[in-house]
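> predicted coordinates and the sequence they were generated for:
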Amino acid sequence: MFTDLFSFKYIFKGLSFLGQNKSLFKFTIIQVVLGIFIFSLFLFFATVKGIEIFDSMAIGLNQSENWFYNFTYYLLLVPFYLLLYAAGGYITFFFTSIIISPLNTALASKTRFLYTGEKNNEQTGLIRSILSDVKYEAIKFLIFTIIYLVMLLLLLIPVFGSVIFLVVSTLYMIFTLTFEFVELSMDTEKNSAKHRIAILLKRPILVLSFGGACFLIFTIPFLNIVLFPVLVVSGALMYEDKLKKAKI
């Protein structure tokens, strides 16, 4: 358990491993370019339309001559944009994951082969494999999003609702990020999603350490996109060292 506390170090290990194995670069270029393109489009939309959306939600605050209403308007504007950009990063992350899922799977598989020498012996048609990966990622994105939307109901709780939501949603994002990057290697074991989730739930310190570091990275625009392939490699290495032989 003590070693799980330092699981965030696998991000640095993944970065070093990627730098030492140039053959992995071909899996990363398309993903980084696509991610930057998608997030740039979102930034443009947020910059042009964001203020219009906020004004439509804050009718009365920005049109009042009362100083308190004006103060409240600008006070709410900051968290609105923070939430908007966070949502943009979240959408970019999962949307890119869906499109590039076959490359991520191949990157994780190649990483494991270079790290352990074990090759995935499963023989699956290329088109079938791509469609299967995209379908799975799309379904997972839908489920994760629905759960997050349900958590928004916590905001209806008087007084402490926003605090509870902030804590619960942050922990949820930390877990989903860990699951996303480690599951790419779990996929070769062909275990159920329930089994994969149970393995991670038994290692909460590992999840908080690795997923917490991923969460911090994903709060930084563009850096999260550039480091996305690094986190895939990191998750594969951590799976081999810490989770491959885990039993539930």
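Arrived safely, thanks for sending.

> for the residue nearest the centre of the chain, give its distance to residue 26.
Nearest to the geometric centre of the chain sits residue 177, at 4.2 Å (C-alpha atoms, centre = their mean). As for residue 177, its distance to residue 26 is 24 Å (criterion: C-beta to C-beta, to the nearest Å). C-beta coordinates here come from the backbone N, C-alpha and C atoms, glycine included.

> low-confidence regions, the protein specifically.
Along the chain, the model assigns pLDDT under 70 to residues 1, 51, 53-71, 73, 85-94, 120-130, 132-133, 187-192, 246-248.

> quick one, strands of it?
Assigned by DSSP state E, the chain shows no strands.

> helices along that one, start to end?
9-20, 29-57, 67-116, 126-151, 161-186, 193-201, 204-206, 212-217, 223-226, 228-238 (DSSP state H).

> which among the ones you listed is found nearest to residue 2?
Nearest to residue 2, of all those, is helix 204-206, at 8.4 Å by C-beta to C-beta.

> residue contacts, residue 201?
residue 207 (C-beta atoms under 8 Å, 6 or more residues apart in numbering).

> now it: how far from residue 7?
Distance from residue 201 to residue 7, by C-beta to C-beta: 15 Å.

> equivalent analysis for residue 49, please.
As judged by C-beta to C-beta, residue 49 and residue 7 stand 39 Å apart.

> of those two, which one has the most company?
Comparing residue 49 with residue 7 by other C-beta atoms under 10 Å, the one with more neighbours is residue 7, at 23 against 11.

> just checking, that one touches residue 239?
No - using C-beta atoms under 8 Å, residue 7 is not in contact with residue 239; the gap is 11.1 Å.

> count the residues that sit near residue 109.
By other C-beta under 10 Å, 20 other residues sit near residue 109.

> got a list of what the closest residue to residue 215 other than its chain neighbours touches?
Spatially, and ignoring its direct neighbours in sequence, residue 215 is nearest to residue 174 (5.1 Å; C-beta to C-beta, 6 or more residues apart in numbering). Residue 174 sits next to 207-208, 211-212, 214-215 when contact means C-beta under 8 Å, 6+ apart.

> just the residues you listed now: which is nearest residue 38?
The shortest approach to residue 38 among the contacts of residue 174 belongs to residue 214, at 18.7 Å (C-beta to C-beta).

> check the gap between the closest one and residue 36 for me.
Applying C-beta to C-beta, the value for residue 214 to residue 36 is 18 Å.

> before we move on, back to that, give me whichever of the helices of the chain is most buried.
Greatest average neighbour count among the helices of the chain goes to helix 228-238 (a mean of 27), per mean count of other C-beta atoms under 10 Å.

> please name every helix or strand in contact with that helix.
Contacts defined by 3 or more C-beta pairs under 8 Å, 6 or more residues apart in numbering; DSSP states H and E place helix 228-238 against helix 9-20, helix 29-57, helix 67-116, helix 161-186.

> I'd like the ones you listed laid out as a markdown table, including distance to residue 223.
Output for the helices and strands packed on helix 228-238, formatted as a markdown table (distance: least, C-beta to C-beta, whole Å):
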| stretch | distance to residue 223 |
| --- | --- |
| helix 9-20 | 12 |
| helix 29-57 | 11 |
| helix 67-116 | 10 |
| helix 161-186 | 14 |
